[in-house]
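Engineer: The following block contains a protein sequence and its predicted model.
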Amino acid sequence: MSAVSGAAGAGVSDVPVPDLSVPLGRPPRVLVTGAGGPSGVCFLRALAGSCELWAGDIDPNAAGLYLVEHARRWLLPRGDDAAYAGRLQELCARLRIDVLVPTVDTELLPLARASHEFTAAGTRVLVPRAAALARCLDKWTLIEACRGTVRVPCTVLLEPGVAESFEAGFPAVAKPRRGSGSRGVVLADTPADLAALPLDGSYLLQELLPGAEYSLDVLVALDGTVRAAVPRVRDKTDSGIIVAGRVLHRPALSDDAAKVAAVTGLHGICNVQVREDREGRPALLEVNPRPPGGMSLTVAAGVHMPAWAVASLLGMDVPGHIPHRELSVVRHWQDVVMDLGELGDVAGRA
């Protein structure tokens with residue numbers, strides 16, 4: 001099934017944005033979780049006008065809840081709640097949701113394991129397979145999976161006696177095997193700086209990569225083929241979120257990102273982060289197996305990943321390659337003004 005429209009973004013690349021009303025004969029009903037985070041807000045804003053949108057979050061003050069009308073704002077349990085997938089499946093059935101877009105790391109594995117049940121009930125879930133998620137959410141497993149496919153930094157499990165013989169030397173970086181953002185990351189000038197960290201293999205000791213950092217948004221079709229890999233550089237960040245950056249043409253980086261997506265078995269939208277070493281060679285940092293918070297830059301550059309990801313789940317053909325153009329972007333806060341009693345007022349709780 002193939003259909004495109006001249007929506008926003010057409011003309012930036014040679015590939016128009018898909019008309020999402022074609023597969024079902026109406027705009028699809030899409031629920032985006034994590035509406036308080038940058039990933040959820042990006043997705044909601046990108047799909048505005050092309051879908052019927054619902055927003056969910058654990059926080060009644062989450063900004064993205066107020067990008068949709070009152071009846072479509074829902075409070076959700078935490079992603080690590082044992083009943084999370086079941087309660088979300090009940091909510092999707094009640095709201096007749098066609099596509100569920102999770103944007104929070106803790107939700108991904110429970111939803112991946114339950115994806116067949118969601119599909120059987122009529123809801124497609126934008127989530128990779130559980131095995132692919134397991135490779136990416138554990139940074140040690142990711143490094144081991146990608147070793148020999150792309151350049152990876154010298155990395156070892158932090159265990160007794162390891163720091164003193166670390167091949168890459170110091171300064172070095174210690175980081176938890178699991179977790180997102182910069183939480184728990186330690187820059188160690190000497191082995192003594194690691195004294196407070198556990199030596200049980202729950203941390204990694206990794207070569208310091210002091211060069212430029214690139215973030216690549218990758219769109220992978222359901223058959224595993226990469227249809228776009230868009231490099232961007234984060235010129236300025238605030239609390240880990242890009243606030244100024246550039247979208248670039250870097251074919252070698254795009255090729256490496258495609259290799260990482262292939263070896264990990266991801267599909268949908270993911271984000272591959274790399275950083276240059278002291279010789280300027282890019283090395284893999286991590287993979288976020290969900291839509292990234294800076295995806296609005298990629299949409300502005302002509303690759304409407306949110307629309308194409310939803311289109312793919314609905315059975316539409318995704319172009320073999322979606323080109324992008326280079327640009328610069330600065331980002332800013334946007335106010336949502338509402339009546340006094342509206343803040344915290346939602347339709348219900350899952």
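Structural biologist: Ah, there it is. Numbering: from 1, shown residues only.
Engineer: ok, now which ones touch residue 242?
Structural biologist: Applying Cβ atoms under 8 Å, 6 or more residues apart in numbering to residue 242 gives the contacts 215, 232, 234, 236, 293-294, 297, 331. For glycine as for every other residue, the C-beta is placed from the backbone atoms N, C-alpha and C.
Engineer: That one belongs to a strand?
Structural biologist: Yes - according to DSSP: H, G, I helix; E, B strand; the rest coil, residue 242 belongs to a strand.
Engineer: For it, report the pLDDT, please.
Structural biologist: Note on residue 242: pLDDT of 82.
Engineer: secondary structure class for residue 41?
Structural biologist: Following three-state DSSP, residue 41 is assigned to helix.
Engineer: from memory it sits against residue 35, does it?
Structural biologist: Yes - counting by Cβ atoms under 8 Å, residue 41 touches residue 35, with 6.9 Å between them.
Engineer: any common contacting residues for the two?
Structural biologist: Here residue 41 and residue 35 have 63-64, 67 as joint contacts, going by Cβ under 8 Å, 6+ apart.
Engineer: If you rank those by neighbours, which is first?
Structural biologist: Taking other Cβ atoms under 10 Å as the neighbour criterion, residue 64 ranks highest of those with 28 neighbours.
Engineer: Past the longest helix along the chain, which element shows up next along the chain?
Structural biologist: The longest helix of the chain (DSSP state H) is helix 251-264. The element immediately downstream of helix 251-264 (helix or strand, assigned by DSSP states H and E) is strand 268-276.
Engineer: Output the contacting helices and strands for the following helix or strand past that next one.
Structural biologist: Using DSSP H and E, the helix or strand that follows strand 268-276 in sequence is strand 282-288. Packing partners of strand 282-288 (3 or more Cβ pairs under 8 Å, 6 or more residues apart in numbering; DSSP states H and E): helix 130-137, helix 139-146, helix 251-264, strand 268-276.
Engineer: where's strand 282-288 relative to the chain centroid, distance-wise?
Structural biologist: In terms of Cα atoms, centre = their mean, to the nearest Å, the centre of strand 282-288 is set 13 Å apart from its chain centre.
Engineer: Next: stretch 145-157.
Structural biologist: How far stretch 145-157 lies from its chain's middle: 21 Å, per Cα atoms, centre = their mean.
Engineer: Show the end-to-end separation of that stretch, please.
Structural biologist: In stretch 145-157, first residue to last residue: 15 Å (Cα to Cα, to the nearest Å).
Engineer: Next: stretch 308-319.
Structural biologist: 9 Å.
Engineer: next one: stretch 270-282
Structural biologist: Terminal residues of stretch 270-282 lie 18 Å apart, using Cα to Cα.
Engineer: quick one, which of the helices and strands packed on strand 282-288 is nearest to residue 221?
Structural biologist: In terms of Cβ to Cβ, the element of the helices and strands packed on strand 282-288 nearest to residue 221 is strand 268-276, at 9.0 Å.
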